[in-house]
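Enquirer: Provided below for reference: sequence and predicted model.
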Amino acid sequence: MNPHFSTIARSWRPVCLLLLGGLLIGCSSTGLSSRESGPGSYSRLVYELARHQPNAQPAARLRTPIRLAVAQLGEVTPSTNVLGELRSHPALIASVVALPAPVEYRERYNTRTSNSPDPPPTANRVNEIRSLARAMGADQVLIIGGSIDTWTTRNAWAALDITLVGCAIFPSARVHGQGKAAGILLDVESGAVRFQVETERSRDGKVPSGFTSEKADSVRVSLRDDLALSLGREFVNRLRTQ
């Protein structure tokens with residue numbers, strides 16, 4: 001092999017390894033709310049409802065305009081985006097009230113004794129939400145949740161990340177985000193499921209590698225706003241077809 005070529009190859013080897021090794025980094029997953037207890041919280045809620053109320057039937061046929069209560073898992077009130085969208089259709093939704101949705105509590109360490117009672121099942125929490133919705137004058141309750149995944153990829157500028165200036169200036173990273181949200185409509189009186197709506201959105205943006213964490217936070221915030229608005233629109237569209 002040509003000695004000159006061999007020297008060049010050795011000098012570029014670290015850069016090539018950096019490019020190959022940094023193509024995909026920093027993956028993370030959260031719920032639609034940062035306080036939602038894991039990306040699977042909404043799924044657990046829906047399946048537990050099905051298990052506890054397999055034959056529940058709505059108290060009456062759904063008629064518009066409905067009086068709607070809305071709860072978002074992990075939040076004291078749902079996003080203003082979804083509430084604003086729902087309130088902008090008074091012919092379909094006569095009133096919209098926001099409800100808190102308690103977080104599913106998980107002990108970091110198992111401190112319960114062997115004879116202590118188990119935590120209340122998710123179905124109990126839903127019954128509490130229905131009870132509050134009834135007290136607020138609602139006849140239907142919409143419970144929403146979801147998941148957001150973010151990850152980072154690198155481009156050719158990543159070769160300059162070996163310097164402090166490169167990490168801070170050159171847009172060597174792209175932060176990607178993909179979010180999914182869903183909402184299940186329950187009849188307040190019977191607890192029966194009326195229907196479910198779902199939506200999906202994505203965002204991404206370039207950033208120097210030294211700022212990927214900040215960019216990922218920004219992507220998640222934007223996705224939450226996008227998903228809330230989109231879910232509200234999907235719900236209104238579905239309600240029109242009932």
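Expert: Received, thanks.
Enquirer: Relative to residue 35, how far out is the nearest residue to residue 136 once chain neighbours are set aside?
Expert: Closest residue to residue 136 apart from its sequence neighbours, by C-beta to C-beta, 6 or more residues apart in numbering: residue 97 at 4.6 Å. No exception for glycine: its C-beta is placed from N, CA and C like everyone else's. Per C-beta to C-beta, to the nearest Å, residue 97 is found 21 Å from residue 35.
Enquirer: Neighbour count for those two, which is higher?
Expert: The neighbour comparison of residue 97 against residue 35 (other C-beta atoms under 10 Å) goes to residue 97, with 18 against 15.
Enquirer: Correct me if wrong, but the more buried one is in a strand.
Expert: Yes: if the criterion is DSSP: H, G, I helix; E, B strand; the rest coil, then residue 97 is within a strand.
Enquirer: My read is that the residue nearest to residue 136 contacts residue 71, right?
Expert: No: counting by C-beta atoms under 8 Å, residue 97 stays clear of residue 71, with 9.7 Å between them.
Enquirer: quick one on the thing from earlier: the residue nearest to residue 136 bridge partners, please.
Expert: residue 69 (DSSP bridges).
Enquirer: who touches it in this structure?
Expert: 68-70, 133, 136-138 (C-beta atoms under 8 Å, 6 or more residues apart in numbering).
Enquirer: tell me the average confidence for the host helix or strand of residue 234?
Expert: Using DSSP states H and E, residue 234 sits in helix 212-241. Confidence for helix 212-241, expressed as mean pLDDT, is 89.
Enquirer: packing partners for that helix?
Expert: The contact analysis (3 or more C-beta pairs under 8 Å, 6 or more residues apart in numbering; DSSP states H and E) places helix 212-241 against strand 24-31, helix 80-87, strand 140-154, strand 173-187, strand 193-207.
Enquirer: buried residues in that helix?
Expert: 212, 215-216, 218-220, 223-224, 226-236, 239 (16 or more other C-beta atoms under 10 Å).
Enquirer: ok, back up a step: nearest to residue 198, of the contacts of residue 97?
Expert: Nearest to residue 198 among the contacts of residue 97, counting by C-beta to C-beta, is residue 70 at 15.7 Å.
Enquirer: ok, the closest one to residue 51 distance?
Expert: 24 Å.
Enquirer: Compare those two (neighbour count), which wins?
Expert: Neighbour comparison, residue 70 and residue 51: the larger count goes to residue 70, with 27 against 11 (by other C-beta under 10 Å).
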